[in-house]
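Student: For reference, the sequence and a predicted model appear below.
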Amino acid sequence: MKGAIEVNTERCKGCSLCIVACPQKVIALANKVNLHGYPYVEAVNEEACVGCASCGIVCPDGCITVYRKKVEE
């Protein structure tokens, strides 16, 4: 499986729960802030994402959408 995440940066409060939940270390806090003044998360190691959806499950604000697709070998 190959995964990808999409983060709604304007809703993200930078709580870092998704960073801790990600077993592949795909997510990190950005060095930027959104319109509300919060640092937000972004995918920094996208090729490692397996689409496990742990990040999306723990996000209290529903900011993360997880996509999965089957990779043919």
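Tutor: Structure received. Residues are numbered from 1 along each chain as shown.
Student: Look up how far E72 lies from E6.
Tutor: 23 Å (C-beta to C-beta, to the nearest Å). C-beta: built from backbone N, CA, C; applies to glycine.
Student: Of the two, which one has the most company?
Tutor: E6 (12 against 4; other C-beta atoms under 10 Å).
Student: The more buried one: which element?
Tutor: Per DSSP states H and E: E6 is located in strand 2-7.
Student: Mean confidence (pLDDT) on that strand, please.
Tutor: With pLDDT averaged residue by residue, strand 2-7 scores 95.
Student: Give the other helices and strands that whichever helix or strand comes after it contacts.
Tutor: On the C-terminal side of strand 2-7, the closest following helix or strand by DSSP H and E is helix 17-21. Packing contacts for helix 17-21, counted by 3 or more C-beta pairs under 8 Å, 6 or more residues apart in numbering; DSSP states H and E, involve strand 27-33, helix 54-58.
Student: if we go to 10 Å?
Tutor: Packing partners of helix 17-21 (3 or more C-beta pairs under 10 Å, 6 or more residues apart in numbering; DSSP states H and E): strand 27-33, strand 39-43, helix 54-58.
Student: in the strand holding E6, what counts as buried?
Tutor: G3, I5, V7 (16 or more other C-beta atoms under 10 Å).
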